[in-house]
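Undergrad: Here is my input; please provide its structure:
(2 chains)
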Protein chains: 2
Amino acid sequence: MSFTEMAPGVAAQAPSATEGFRLNHSMLRVKHPETSLAFYSTVFGMRLLRQLDFPELQFTLYFLGHLAEDSQVPDDAAARTTWTFSQTGLLELTHNWGSENDPELHYHNGNDAPQGFGHLCMSVPDLDRAVAWFDANSVDFVKRPNDGRMKDVAFVKDPDGYWIEVVEPARLSHLGQA
Amino acid sequence: MSFTEMAPGVAAQAPSATEGFRLNHSMLRVKHPETSLAFYSTVFGMRLLRQLDFPELQFTLYFLGHLAEDSQVPDDAAARTTWTFSQTGLLELTHNWGSENDPELHYHNGNDAPQGFGHLCMSVPDLDRAVAWFDANSVDFVKRPNDGRMKDVAFVKDPDGYWIEVVEPARLSHLGQA
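TA: Below you'll find the model as predicted:
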């Protein structure tokens, strides 16, 4: 499957050296892992696929994802680590031990200055039902679907203040149309 | 498929209200879109699935991803927008028009202070071959696989200085084992 839209800079074909490459995860640092795990597993229905503890480095990594219906998650922990790194579309949360006890520590969301990373985006089958679910769970909104100029797109905040865009794909077909 | 590892905070089951939720993309701002598109499409083999221009807001969004063998990408642009937002594991690059002409502008990678976002991670079938490919393309390394305490894990920089972890899943089964 060699589809690509063309724009300046885009390679016409994926080089053969990149065959099998995939985007496994994005990593965000979190201050309170219990709070973040509750948020992503409850509000967004993500499963904890693998927790990796590094006592010598004083941090823990949590890999979260949405499982496909036919996913076969290995029982064996080592096999599950390999399996986790073979998936796509995961979220890695990094907990530096003790961060939750540091009153000065607040992670940077990338939208306040200095800017860089912008957001995660979750797609949902029904945006209105998702918004009701977020309200039922007292989730903080950056922007509700009808706010601002970009209609049909919501933004909420995770417990550290990172932004999560929420979209219903069928309602976005008009985007970017002249 | 209801698998989860358990840790404090993790919901035992994904709530039914979250059925069909998926992590569609992570968004990074980029200064030079042509440079970034060349990098991600050549070095990492990503395809440009959809470009969305917003003249009234003075920005363009580029959605990149690795396509599955059986992906059926719609020809129609509006249908392709909906299809793009239905995928998982994508990268969205945001170009604020004119950023490339601002000598003062440098996006923040989240690893220098103030910290937040850490990195993207790409999984590859063969880490040694990937490293050779990166060298052939003059990619900057943050860490080669044998540097530091975390062996078998590489980190490279994208054109804006964002970090990209690169792993070969089969070589990581030992991670986090006591």
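
Undergrad: Show me chain A divided up by domain.
TA: By the assignment in automatic domain parsing, chain A contains the domains A:22-99, A:118-178.

Undergrad: Export those to TSV and append columns for mean neighbour count, distance to B:P15 and mean pLDDT.
TA: Bear in mind the C-beta positions are built from the backbone N, C-alpha and C, glycine included. Formatted as TSV, the domains of chain A follow (neighbours: other C-beta atoms under 10 Å in any protein chain shown; distance: least, C-beta to C-beta, whole Å; pLDDT from 0 to 100):
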stretch	mean neighbour count	distance to B:P15	mean pLDDT
domain A:22-99	19	6	97
domain A:118-178	18	8	95
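
Undergrad: quick one: the helices in chain A?
TA: Counting by DSSP state H, one finds helices in chain A at the ranges A:33-38, A:77-84, A:127-136.

Undergrad: Let's have these in TSV, adding distance to chain B.
TA: Below are these laid out as TSV (distance: least, C-beta to the nearest C-beta, whole Å):
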stretch	distance to chain B
helix A:33-38	4
helix A:77-84	4
helix A:127-136	4
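
Undergrad: Of those, which is nearest A:T60?
TA: helix A:33-38 (6.8 Å; C-beta to C-beta).

Undergrad: Please work out which residues outside that closest one touch it.
TA: Outside helix A:33-38, the residues within contact range by C-beta atoms under 8 Å, 6 or more residues apart in numbering or on different chains are A:30, A:48, A:60, A:62, A:64, A:93, A:95, A:100, A:158-160, B:7-11.

Undergrad: so which pair among these is furthest apart in space?
TA: Of all the pairs that the contacts of helix A:33-38 form, the one spanning the most space (C-beta to C-beta) is A:E100 and B:A11, at 19.8 Å.

Undergrad: Among the two, which residue is more densely surrounded?
TA: More crowded of A:E100 and B:A11, by other C-beta atoms under 10 Å in any protein chain shown: B:A11, with 20 against 14.

Undergrad: with the contacts of helix A:33-38 in mind, which one is nearest to A:P114?
TA: A:D160 (16.8 Å).

Undergrad: That closest one touches A:H108, doesn't it?
TA: No. Taking contacts as C-beta atoms under 8 Å, A:D160 lies outside contact range of A:H108: 9.1 Å.

Undergrad: Residues that sit against both of these two, list them.
TA: With C-beta under 8 Å, 6+ apart, A:D160 and A:H108 have common neighbours B:G116.

Undergrad: Do a quick rundown of the strands in chain A.
TA: With DSSP state E applied, chain A shows strands at A:22-29, A:47-54, A:59-65, A:90-96, A:117-123, A:141-143, A:153-157, A:163-167, listed in chain order.

Undergrad: Dump these into TSV; add distance to chain B as well.
TA: Formatted as TSV, the strands of chain A follow (distance: least, C-beta to the nearest C-beta, whole Å):
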stretch	distance to chain B
strand A:22-29	4
strand A:47-54	3
strand A:59-65	7
strand A:90-96	6
strand A:117-123	4
strand A:141-143	13
strand A:153-157	10
strand A:163-167	5
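
Undergrad: Looking at those strands, spot the one closest to B:D147.
TA: strand A:47-54 (16.4 Å).

Undergrad: Pull the closest one out as CSV, backbone CA atoms only.
TA: The C-alpha coordinates for strand A:47-54 follow below in CSV (Å, rounded to 0.1, in the frame of the first residue of the first chain):
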residue,chain,number,x,y,z
ARG,A,47,-6.0,-0.7,29.1
LEU,A,48,-2.7,-1.0,30.9
LEU,A,49,-0.8,-3.3,28.6
ARG,A,50,2.5,-3.3,30.4
GLN,A,51,4.1,-1.7,33.5
LEU,A,52,7.9,-1.6,33.5
ASP,A,53,9.7,-0.6,36.7
PHE,A,54,13.3,0.6,36.8
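
Undergrad: So which residues make contact with it?
TA: Contact partners of strand A:47-54, identified using C-beta under 8 Å, 6+ apart, comprise A:37, A:41, A:60-67, A:73, A:80-81, A:83-84, A:87, A:90, B:2-7, B:10, B:14, B:175-176.

Undergrad: Quick check: can you name the pairing partners of that strand and their directions?
TA: strand A:59-65 (antiparallel) (DSSP bridges).
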